[in-house]
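**Q** This is a predicted model, with the sequence first.
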Amino acid sequence: MALPWLHRFELALFAAAFLCGAVVAAALTRTKGSFRGSCPLYGVVTRNGSTLALSQPSAPSLCYFVAGASGLLALYCLLLLFFWAYSSCIEDSHRGPIGLRIALAISAIAIFLILVSACILRFGTSSLCKSIISLNSTTSCSEAQKISWTPPGTALQFYSNLHNAETSSWVNLVLWCVVLVLQLVQWKSESTLYLPLQRGDPVWSSETDTLVGPRLSHS
C-alpha cells in the first residue's frame, strides 16, 4: 500500500535530518580528535611564544552529549527510513493512532535535544573564539586555524568543523520542527476519521435510512 503523501514528505525530511545529524556527529568527533581527545567548546586558549594551546578544555561529556544526541537521532532516522521502505514495499503497513502518538513524543524529545545541542555549539564556539581573539594573535577564529598550535598538529580545521556542526544542527532543528508539524496535521486528520457520528449528520442519516428505512416527511 502506498504511503500517504504527508507521510512520504515526512520520510523525505527524515532523510535530510539523517544527513544533518551525521554531519554534526562527524564534525564534532573530528574536532575533538584534532585536540587530542579534549573538548574545545567553552575552552580557554593560551599563547606559548608564537604558538597557541588549549590550556583549559571543557568536560569531555559536553562533546559526547552533542555528538551522541546527533548520532542517535541520525540512526533513528535511518532505521525509520529502512522500516517504512520495507513496510511499503513488502507488507501492507499503516501507522495507526498509537504509532503516531509515539512518533509525536519522539519528535518533541528530538527537538529539545537538538535545540540544546545547537545552543551548546553556538555559545561554546563563541566562547572559544573570544578566548583566542583576546590573545591578540589573530583577528578572527578562522585565521587561528593557520597558526601553529601546541602540540604540533593540534586544532586542524577546528573552526570549520565547529561551524559546519553548528549550521547542520540549526538546519536539523528546522527539519524536526517541520516533521512535528506534519505529524500534528496527520494526527488531527486521523482523529476526525474516528469521531462518532452525530444525529443530523449526512452520514448518520444515510446509515439510519439503510437500517430502518427512510423517514416520511409530515406536511
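**A** Cool, the structure landed.

**Q** So residue 52 lies in a strand, does it not?
**A** Yes: using DSSP: H, G, I helix; E, B strand; the rest coil, the assignment for residue 52 is a strand.

**Q** Could you give the average pLDDT over stretch 179-188?
**A** In this model, stretch 179-188 carries a mean pLDDT of 90.

**Q** Can you tell me what sits against that stretch?
**A** Here stretch 179-188 makes contact (CB atoms under 8 Å, 6 or more residues apart in numbering) with 4, 6-7, 9-10, 13-14, 17, 97, 100-101, 103-104, 107-108, 111. Just so you know, the C-beta spots here come from the backbone N, C-alpha and C atoms, and that holds for glycine as well.

**Q** In these, find the pair that's most separated.
**A** The span of those, defined through CB to CB, is set by 17 and 97 at 23.4 Å.

**Q** Name the residue in the two with the higher neighbour count.
**A** Comparing residue 17 with residue 97 by neighbour count (other CB atoms under 10 Å), the higher total belongs to residue 17, at 28 against 13.

**Q** Which helix or strand contains the more buried one?
**A** Using DSSP states H and E, the element containing residue 17 is helix 5-34.

**Q** Which positions in the top strand by length along the chain come out as buried?
**A** Across the chain, the strand with the greatest residue count (assigned by DSSP state E) is strand 39-48. Within strand 39-48, the residues that qualify as buried are 39-45, 47, counting by 16 or more other CB atoms under 10 Å.

**Q** Then stretch 95-112?
**A** So, applying 16+ other CB under 10 Å, buried residues of stretch 95-112: 95, 100, 103-104, 106-107, 110-111.

**Q** Give me the lowest-pLDDT entry from those.
**A** For the buried residues of stretch 95-112, the model is least confident at residue 95; its pLDDT is 74.

**Q** wait, it sits on residue 103?
**A** Yes: using CB atoms under 8 Å, residue 95 is in contact with residue 103, at 7.3 Å.

**Q** Let me see the backbone angles for the closest residue in space to residue 115 that isn't next to it in sequence.
**A** Nearest non-adjacent residue to residue 115, counting by CB to CB, 6 or more residues apart in numbering: residue 173, 5.9 Å away. Backbone dihedrals for residue 173, given as degrees, to the nearest 10, come out at phi -60, psi -40.

**Q** Alright, I will stop here.
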